[in-house]
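*Asks:* Attaching a predicted model along with its sequence, questions to come.
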Amino acid sequence: MDPVSGAVIATLTVGSLQGIYRIIRGDARRALLPSMASLPAPLIDKGLRRPRKQLDRSVEVNTTTSSSSMPTSSPGPILEEEEEPEVEETILEEVAEEEEEAEASDLPSAPHLDDVEVIGTEVEAEQEDVFAERLGREGAATGEVQVSLIWFNKNDLDLSVVCPSGERISFDNKISNCGGRLDIDMNESGNSDEPVENVFWEKDAPQGRFRVFVEHFEKHDSNDVTEFNILVTVDGSPREFKGQISSGDPPQEVCFFDVE
C-alpha cells in the first residue's frame, strides 16, 4: 500500500470514529434534560381579577392623527354610561313655586297700604305749565299714564307709585315689571329749590288701581314742612292733588287712580 492511500484510509477512519462519538454523547445529554411537555402547568388563582380601567371622558381625541401612527390593538370592553337618576316632576314643580314666591317677596312695596289715609286734596285749576316747565327742563319722558311730583324747597322728597300688582316704583326700584319707569329723581343732595320727579308708562299700562305716595326722605332746607303738588295724567286727562309733609312723617298716600 502506498503512503497516499494509507493517509486517506486513516483520515476516513478517524472521521467515522468522531461521528460515532458525537452521536453517543448527544444521546447522553438529551437524557439529562427533561422534556418541556413533561413539566407541570403553573397554578393560576382564578379568584384574581384585573381591575377594569374607568373611561376617562376628559381626554379629547385628536382627529388629525393619522391611523398609521397609532398602535393597533384589539378593542377593549365598552363601558356603559351610568344613567342619571330621574327627577320627580313634583320636585320640579315645588322648586318653581318657591322661585316664584321668592321673586314676589323681593318686589318693593309700600308698608301697611290698607292702613294709610289718603291726604291729598284735588286742585280744581291744574298748574300744568309749572309741571311742563320743570319736566321739560330735566328732559322727562311722557306716556299714556304719567305721575309727576313738584315741591318748593331743597328738601329731598321721594315719589312712589304702587302698581296694581303691588310692586312699588321709587328711587330704589326705578323700572317695574309692568313697564313703569322713574326717570327723574331730584334733590338727593338738596341742590335745587325747583325740583321735580316723574313716573310714566309709555304705553300698555296694566289695568287696575294705582296708589301714589310721597315720602320726606331728608331735610336740606330751613323749612321742615314741605308743600307739594302731584299731577296725574291718564290718556291725556290731567288731575292735580296737593298736600304737605314733614321730616319724620311716614310715607303719605296722596291719591289713587284707576286704569281700565
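*Replies:* Nice, thanks for sending it over.
*Asks:* where does His220 fall, helix, sheet strand or coil?
*Replies:* Assigned by DSSP: H, G, I helix; E, B strand; the rest coil, the conformation of His220 is coil.
*Asks:* can you give me the strands for the stretch 51-200 of the chain?
*Replies:* 121-123, 145-151, 156-162, 168-169, 181-184, 196-201 (DSSP state E, counting those that start in this stretch).
*Asks:* what's the closest of these to Glu240?
*Replies:* strand 121-123 (4.2 Å; C-beta to C-beta). In this view, the C-beta of every residue, glycine as well, is placed from N, C-alpha and C.
*Asks:* That closest one pairs with which strands, parallel or anti?
*Replies:* Strand pairing for strand 121-123, determined by DSSP bridges: strand 237-245 (antiparallel).
*Asks:* Buried residues of the partner strand, list them for me.
*Replies:* With burial defined by 16 or more other C-beta atoms under 10 Å, the residues of strand 237-245 counted as buried are Glu240, Phe241, Lys242, Gly243, Ile245.
*Asks:* Pairing partners for the third one in the sheet, please.
*Replies:* On the basis of DSSP bridges, Lys242 is bridged to Thr121, Asn229.
*Asks:* how far away is it from Glu197?
*Replies:* Spatial separation of Lys242 from Glu197 under the definition C-beta to C-beta, to the nearest Å is 15 Å.
*Asks:* can you check Ser237 too?
*Replies:* Using C-beta to C-beta, Ser237 is found at 21 Å from Glu197.
*Asks:* related to what we said a few turns ago, mean neighbour count, mean pLDDT and distance to Thr226 for the strands of the stretch 51-200 of the chain - can I get that in CSV?
*Replies:* Output for the strands of the stretch 51-200 of the chain, formatted as CSV (neighbours: other C-beta atoms under 10 Å; pLDDT from 0 to 100; distance: least, C-beta to C-beta, whole Å):
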stretch, mean neighbour count, mean pLDDT, distance to Thr226
strand 121-123, 12, 91, 15
strand 145-151, 25, 97, 5
strand 156-162, 23, 96, 6
strand 168-169, 23, 96, 21
strand 181-184, 18, 96, 17
strand 196-201, 26, 97, 13
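*Asks:* Determine which of those strands approaches Ala10 most closely.
*Replies:* Proximity to Ala10 (C-beta to C-beta) singles out strand 181-184 among the strands of the stretch 51-200 of the chain, at 130.9 Å.
*Asks:* What lies in contact with the closest one?
*Replies:* With contacts defined as C-beta atoms under 8 Å, 6 or more residues apart in numbering, strand 181-184 is touched by 135, 138, 140-141, 159, 169-171, 173-175, 196-201.
*Asks:* let's see 6 Å
*Replies:* Strand 181-184 is contacted from outside by Glu138, Ala140, Ala141, Ile169, Lys174, Ile175, Val196, Glu197, Asn198, Val199, using C-beta atoms under 6 Å, 6 or more residues apart in numbering.
*Asks:* give me the beta-bridge partners of Asp156?
*Replies:* Glu218.
*Asks:* Just put the strands of the stretch 51-200 of the chain in a markdown table and tack on distance to Phe213.
*Replies:* A markdown table is the format used below for the strands of the stretch 51-200 of the chain (distance: least, C-beta to C-beta, whole Å):
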| stretch | distance to Phe213 |
| --- | --- |
| strand 121-123 | 16 |
| strand 145-151 | 10 |
| strand 156-162 | 4 |
| strand 168-169 | 8 |
| strand 181-184 | 12 |
| strand 196-201 | 11 |
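*Asks:* And those: which comes nearest Leu12?
*Replies:* It's strand 181-184; of the strands of the stretch 51-200 of the chain, that one is closest to Leu12 (C-beta to C-beta) at 126.8 Å.
*Asks:* Dump the C-alpha coordinates for that closest one into PDB.
*Replies:* Below are the C-alpha coordinates for strand 181-184, written out as PDB (Å, rounded to 0.1, in the frame of the first residue of the first chain):
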ATOM      1  CA  ARG A 181     -90.300 103.800  35.000                       C
ATOM      2  CA  LEU A 182     -89.000 106.500  37.300                       C
ATOM      3  CA  ASP A 183     -86.800 108.700  35.100                       C
ATOM      4  CA  ILE A 184     -86.300 111.800  37.200                       C
END
